[in-house]
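Asks: Pasting the sequence and the predicted coordinates here, then a few questions.
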Amino acid sequence: MANLLIRTENIMGSKQRVLGWIFFLVIILMGFAISLNNFSDAAIWITASALGFILQKSRFCFASAFRDLFLFGSGHNMKAVLLAMAIASVGFVGILVWILPDPLPGEFPSSAHVLPFGLSTVIAGSVFGIGMVLAGGCVSGTIYRIAEGYVASIVTMIGIFIGTILLIISWDFWWDTFISNEPKIFLPSTQSIGYGFSLLLTLLGIGAVYLIVIYVESKSGIIEFISAKTQNQNSTGFQQRILENINNVVSRSWTAKSGGIALGLIAIIYFLFHSPPGVTGEIMKQSMNISTILNLTDGPLKGIASLSGCLGSSIGSGVISHTFVSTVGVFSGALVSALLSQEFKIRTPKEPKRYIQSMTGGILMGYSASLGIGCTIGAFFSAIPSFSLSGWLFGLSLGLGAFVGTKLIKAIG
Amino acid sequence: MPEGTNKILDLRGEICPYPMLKTNEELDADKNIQMLEVITDHSPALSTIPPQAVKRGYEVEIMEINNSEWKLILTKEVK
């Protein structure tokens, strides 16, 4: 590209890299340790770490996927999200057929992310959309940015906990008025259309959105750049080539598309071992613990046992649980990734209003992620390939919220 | 040939989408900028700023000036 020149000089020390490899070994060893007790948890620990690694490497960002469409007509990240969901859908159908070959009307596999479809979905998606744009990243983005050293993301995380606790306090209202009456619509068992037709519909839907994204891009006249670091291949020997290959994967940033493909495959591995990916389960569980200690709630949330997704999986006991490995694994993998690419740096916003923005965004996300029984990953990215109609409604609402959020951040300046 | 202006924009600490928004604001406010140096420590900005600058007729050069700190040099010939 004639009008883009990237110069990179290796002026950084290698301390971060050494630390990165040490943490990598710690993750593997912890995996073995966890597997002595529970193989599924160990598998998800490793898979979640891989997810965190992929998110950081490709700077995968659900917030920007939605926001940038409105803000400057770029579909760069949204196209990667759609690619990942298409891949996951194909893998998920294979797993779903194994679990439940002939779903009766109204029946669905409890491990899939088939979530309530109704007004609560719209409210949760819209509020989450506003929150993620305000905070500059969704829940998974906040987790991997903390691993990169962003101080504002720590503030956002505190906000997410506060928001979750506020939702716990008001849960009975939402459950009685909305969620308990909302249907969980699993496409294959609806009108007995079956798996094949559900997959076809889902892929067509994803394809249609892809077309809309390309249309938006053509209207804005955006030009796409490949911004991977330039590389010189000087190495010729076997050993040098091996090192070069490792370097390409672990220390150079990936394109959003490679991230999308990897994310689609990782989602399938998650489901093979346990259930589709989610990251908010442990946040929910710890917020429940805090609420109980502070006497804000009495006992488990109403109806939670009938819900899957990130909320349903948060009732396990013990420190090392499915939710612990899912949430903390993402952080650990992202930390390894950031250190290996020497991208860890403490970054603090200069303007005080950014802290308020991060906190507000976090509170909105925490509240809505629990109301929506998941965040951009659990209730959107994992729900659509689970053939849950709620995933589409949540996604649409995320878009609506992101649109409002875009107006807000422009006004804040 | 009229003199164009040179400016430096230090956006360290800002996260998405502000590095890109503030760069655009700067470029749109003064069409006579012939060189704008943008300093950022937010890596996603490396992929969001260049398309916007090129759209406005600028050439972009990215330099890594420190650990996770980059300088984007946007240049344009001012007529």
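Replies: Happy to help now that I have it.
Asks: Count the neighbours of residue A:220 for me.
Replies: A count of nearby residues for residue A:220, using other CB atoms under 10 Å in any protein chain shown, gives 17. Placement of C-beta: from N, CA and C, glycine included.
Asks: Please name the residues that touch it.
Replies: Going by CB atoms under 8 Å, 6 or more residues apart in numbering or on different chains, residue A:220 touches A:72-74.
Asks: Could you do residue A:411 as well?
Replies: Applying CB under 8 Å, 6+ apart to residue A:411 gives no contacts.
Asks: Which element, helix or strand, includes it?
Replies: Using DSSP states H and E, residue A:411 maps to helix A:389-412.
Asks: tell me the SS of the residue lying closest to residue A:14 once chain neighbours are set aside?
Replies: In this structure, residue A:14 finds its nearest non-sequential neighbour in residue A:342, 7.8 Å apart by CB to CB, 6 or more residues apart in numbering or on different chains. Recorded secondary structure, residue A:342: coil (DSSP: H, G, I helix; E, B strand; the rest coil).
Asks: Could you dump the contacts of residue A:220 into JSON lines and include neighbour count and distance to chain B?
Replies: Below are the contacts of residue A:220 laid out as JSON lines (neighbours: other CB atoms under 10 Å in any protein chain shown; distance: CB to the nearest CB, whole Å):
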{"residue": "A:72", "neighbour count": "18", "distance to chain B": "7"}
{"residue": "A:73", "neighbour count": "17", "distance to chain B": "10"}
{"residue": "A:74", "neighbour count": "26", "distance to chain B": "7"}
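Asks: Nearest spatial neighbour of the residue most central in space within chain B, chain-adjacent residues omitted?
Replies: What sits nearest the mean C-alpha location of chain B, by CA atoms, centre = their mean, is residue B:38, with 4.3 Å. Nearest residue to residue B:38 in three dimensions, chain neighbours excluded: residue B:72, at 4.4 Å (CB to CB, 6+ apart).
Asks: quick one: contacts for residue A:158?
Replies: A:359, A:362.
Asks: Okay, and it sits in which element?
Replies: Residue A:158 is part of helix A:151-177 when elements are defined by DSSP H and E.
Asks: so where's chain B uncertain?
Replies: Scanning chain B for pLDDT under 70 picks out B:1-3, B:79.
Asks: which parts of the stretch 51-200 of chain A sit against chain B?
Replies: Taking CB under 8 Å from any CB of the partner chain as the contact definition, the stretch 51-200 of chain A meets chain B at A:59, A:61, A:63-64, A:67-68, A:71-72, A:74, A:76, A:136-137, A:145, A:150, A:152.
Asks: from those, which is closest to residue A:183?
Replies: residue A:63 (29.2 Å; CB to CB).
Asks: Give me the secondary structure label for that closest one.
Replies: Residue A:63 ends up helix, using three-state DSSP.
Asks: Neighbours of the nearest residue to it once chain neighbours are set aside, how many?
Replies: Among residues not flanking residue A:63 along the chain, residue A:132 sits closest, at 4.1 Å (CB to CB, 6+ apart). Neighbour count of residue A:132, defined by other CB under 10 Å: 35.
Asks: Can you tell me how far residue A:132 is from chain B?
Replies: Separation of residue A:132 from chain B (CB to the nearest CB, to the nearest Å): 11 Å.
Asks: related to what we said a few turns ago, how about the contacts made by the residue nearest to the centre of chain B?
Replies: Residues in contact with residue B:38 (CB under 8 Å, 6+ apart) are B:9, B:11, B:19, B:23, B:45, B:49, B:71-74.
Asks: Return the subset of these lying in helices.
Replies: Mapping the contacts of residue B:38 onto helices (DSSP state H) picks out B:19, B:23, B:45, B:49.
Asks: Considering these, which possesses the most neighbours?
Replies: Highest neighbour count within those: residue B:49, with 29 neighbours (other CB under 10 Å).
Asks: Would you mind measuring from that one to residue B:17?
Replies: Going from residue B:49 to residue B:17 by CB to CB, to the nearest Å gives 10 Å.
Asks: In JSON lines, list the contacts of residue A:220 along with pLDDT.
Replies: Shown next, in JSON lines, are the contacts of residue A:220 (pLDDT from 0 to 100):
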{"residue": "A:72", "pLDDT": "86"}
{"residue": "A:73", "pLDDT": "89"}
{"residue": "A:74", "pLDDT": "88"}
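Asks: Next, format the residues you listed as CSV and append secondary structure.
Replies: Compiled in CSV, the contacts of residue A:220 are given as follows (three-state DSSP):
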residue, secondary structure
A:72, helix
A:73, coil
A:74, coil
